[in-house]
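Enquirer: no FASTA, just this:
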């Protein structure tokens, strides 16, 4: 792990490989460890950077009223301070929503976008009653012991055929969640409505979804695909929400194929 100070927060990140820069943005109740299989593979050809978002992993907790725009500003400063230019941006779930917010605020920075299990923010992709329910449950869960939180979330992240190894890795990582960081992410994402930015995206965009995703279903995928100009939608069969973990071979292959199309 490396660390850098951004807006009075210590931001931790992992960096591996050489080549065109690729920035990885994890989801909620997660950190940079979720990208282990992507870093091992994609670092052969890319300069891969995976951060621990504020309030996750080894990074400092932000204020609980942190907005998605605040996460995007921190990410911009991190990219500037570590000296990378025109990175490919890959985010999953919350991280994909952050990638959209980042593009909205800094459209000249990303070379491409890869959005996995993405939402246009919860407010931009889900019915209001579901947003309210998810936020309420999440805020209550943030006060529970880690094992209770893990027990509630794990069944929503994978298909029934996921390996025990992946389940155990995810449980171990999720058990280290920061309650303050969890609440900040939940609040910011529940408020986020990024529908307006979708038709304004003018960089190549890949959408990756599992067809067994219970959290960000294919109806959301198809809406984003229809709204983002010239986007490409790949549906991964038999895979749930955390597609990069459940089927890393397919995930990495599709990401590499997409990125290699835009190397020059």
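Expert: Everything's here; your move. All of these numbers come straight from a predicted model, not from anything done at the bench.
Enquirer: so what touches stretch 220-227?
Expert: With contact meaning CB atoms under 8 Å, 6 or more residues apart in numbering, stretch 220-227 is reached by 115, 118-120, 125-126, 195, 198-199, 207, 209, 231, 233, 235. Quick note: C-beta positions are derived from backbone N, CA and C, even for glycine.
Enquirer: recalculate using a threshold of 10 Å.
Expert: With contact meaning CB atoms under 10 Å, 6 or more residues apart in numbering, stretch 220-227 is reached by 96, 100, 115, 117-120, 124-126, 194-201, 205, 207-211, 213, 216, 218, 231-235.
Enquirer: among those, which ones are buried?
Expert: Listed as buried from the contacts of stretch 220-227 are 96, 100, 115, 117-120, 124-126, 194-195, 197-198, 201, 205, 207-210, 213, 216, 231, 233-235; burial here means 16 or more other CB atoms under 10 Å.
Enquirer: OK, contacts around residue 61?
Expert: Shown in contact with residue 61 (CB under 10 Å, 6+ apart): 9-10, 54-55, 178-184.
Enquirer: kindly write the ChimeraX command that selects the buried subset of the residues you listed.
Expert: Only the buried entries of the contacts of residue 61 go into this ChimeraX selection, using 16+ other CB under 10 Å:
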select :9,54,55,178,179,180,181,182,183,184
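Enquirer: now, which of the contacts of residue 61 sits nearest residue 157?
Expert: residue 182 (14.9 Å; CB to CB).
Enquirer: residue contacts, the nearest residue to the closest one once chain neighbours are set aside?
Expert: What sits nearest to residue 182 in space, not counting adjacent residues and going by CB to CB, 6 or more residues apart in numbering, is residue 142, at 4.6 Å. For residue 142, the contacting residues are 29, 149, 177-186, by CB under 10 Å, 6+ apart.
Enquirer: hang on, residue 203 packs against residue 230?
Expert: Yes: between residue 203 and residue 230 there is a contact under CB atoms under 10 Å: 9.4 Å.
Enquirer: these two - which one has more neighbours?
Expert: Applying other CB atoms under 10 Å to residue 203 and residue 230 shows that residue 203 carries more neighbours, namely 19 against 9.
Enquirer: in strands, which of the contacts of residue 61 appear?
Expert: Using DSSP state E, the members of these that fall within strands are 9-10.
Enquirer: for the contacts of residue 61, which two are the farthest from each other?
Expert: Spatially, the most separated pair among these is 10 and 183, at 19.1 Å (CB to CB).
Enquirer: give me the pLDDT value at residue 93.
Expert: Note for residue 93: predicted pLDDT of 97.
Enquirer: would you agree it is in contact with residue 118?
Expert: Yes: the pair residue 93 / residue 118 is scored as a contact, 7.3 Å apart, by CB under 10 Å.
Enquirer: what residues are shared contacts of these two?
Expert: Counting by CB under 10 Å, 6+ apart, the shared contacts of residue 93 and residue 118 are residue 216.
Enquirer: would you list every one of the helices in the stretch 51-200 of the chain?
Expert: Ranges of helices within the stretch 51-200 of the chain are 68-81, 94-105, 122-125, 128-141, 146-157, 164-174, 179-191, based on DSSP state H, counting those that start in this stretch.
Enquirer: what's in contact with the shortest one?
Expert: Helix 122-125 has contacts (CB under 10 Å, 6+ apart) with 94, 97, 100, 118-119, 128, 130-132, 134-135, 186, 188-198, 216-217, 219-221, 223-224.
Enquirer: one more time with 7 Å, if that's ok
Expert: Defining contact as CB atoms under 7 Å, 6 or more residues apart in numbering, one finds that helix 122-125 is touched by 119, 131, 134, 189-195, 220.
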